[in-house]
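A.B. asks: No letters, just coordinates:
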């Protein structure tokens, strides 16, 4: 099925979200679609992934764990410790179950929270759009937006660095996929960096 089928399928799911979460999802979809040409990805695919990425975000942890099990997602220790990480894999599996979207859209949705070393350009774009959509307000976000607007690859690297710093500062476990994605983009030195201001 084509990308418009994803949007049609997602519409009733989006209506179940809180107004703030729905606005965020639309913001991610629009930003990803706007930046898609510079990333050499389909704006339609970017928009579709943005719409779907947070469909399960408001589910409670125990419900996400049960749904992930039902859908056949093999949860890892980090996901069992912090089930909110499952909202991407669950939404991607719902797409698969419905027979909508491409493998690339599903991967972008699946890994939009943790990133992954296997992410293609669409997945990287959705990862940063989730962090940088216009409704996001946190220390350093404007600097991250400037970096991402100037250079997509460097924007992905900067958002990964910012995500790792945020989690580490709060004592949260950093998912192994995030660490593997960071190792891939950090270069030989693997050094930490602060979010641009």
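C.D. replies: Nice, thanks for sending it over. Remember, it's a predicted structure, so these values are computed and weren't measured experimentally.

A.B. asks: Which other helices and strands does the lengthiest helix in the chain contact?
C.D. replies: Determined from DSSP state H, the single longest helix within the chain is helix 19-39. Where contact means 3 or more CB pairs under 8 Å, 6 or more residues apart in numbering; DSSP states H and E, helix 19-39 is packed against helix 3-15, helix 43-52, helix 121-132, helix 152-169. In short, each C-beta sits where N, CA and C put it, glycine included.

A.B. asks: Mind doing that once more with 7 Å?
C.D. replies: On a contact count with 3 or more CB pairs under 7 Å, 6 or more residues apart in numbering; DSSP states H and E, helix 19-39 meets helix 43-52, helix 121-132.

A.B. asks: Tell me who's in contact with residue 35.
C.D. replies: 125, 129 (CB atoms under 7 Å, 6 or more residues apart in numbering).

A.B. asks: residue closest to the middle of the chain?
C.D. replies: Central residue of the chain (CA atoms, centre = their mean): residue 112, 1.8 Å from the mean position.

A.B. asks: where does that residue land in three-state SS?
C.D. replies: Under DSSP: H, G, I helix; E, B strand; the rest coil, residue 112 falls in the coil class.

A.B. asks: Can we start the residue count at 45 from this point?
C.D. replies: Renumbered: residue one is now 45, and that last one reads residue 156.

A.B. asks: pretty sure it is touching residue 174, no?
C.D. replies: Yes - Residue 156 is within contact range of residue 174, at 5.2 Å (criterion: CB atoms under 7 Å).

A.B. asks: Report the set of residues contacting both of these two.
C.D. replies: Common neighbours of residue 156 and residue 174 (criterion: CB under 7 Å, 6+ apart): residue 97.

A.B. asks: in stretch 198-209, what's buried?
C.D. replies: 199, 200, 201, 202, 203, 204, 205, 206, 207, 208, 209 (16 or more other CB atoms under 10 Å).

A.B. asks: would you turn those residues into CSV with pLDDT and distance to residue 144?
C.D. replies: Listed next are those as CSV, based on pLDDT from 0 to 100; distance: CB to CB, whole Å:
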residue, pLDDT, distance to residue 144
199, 97, 28
200, 97, 26
201, 97, 31
202, 97, 32
203, 97, 27
204, 97, 29
205, 97, 33
206, 96, 32
207, 95, 28
208, 96, 32
209, 95, 36
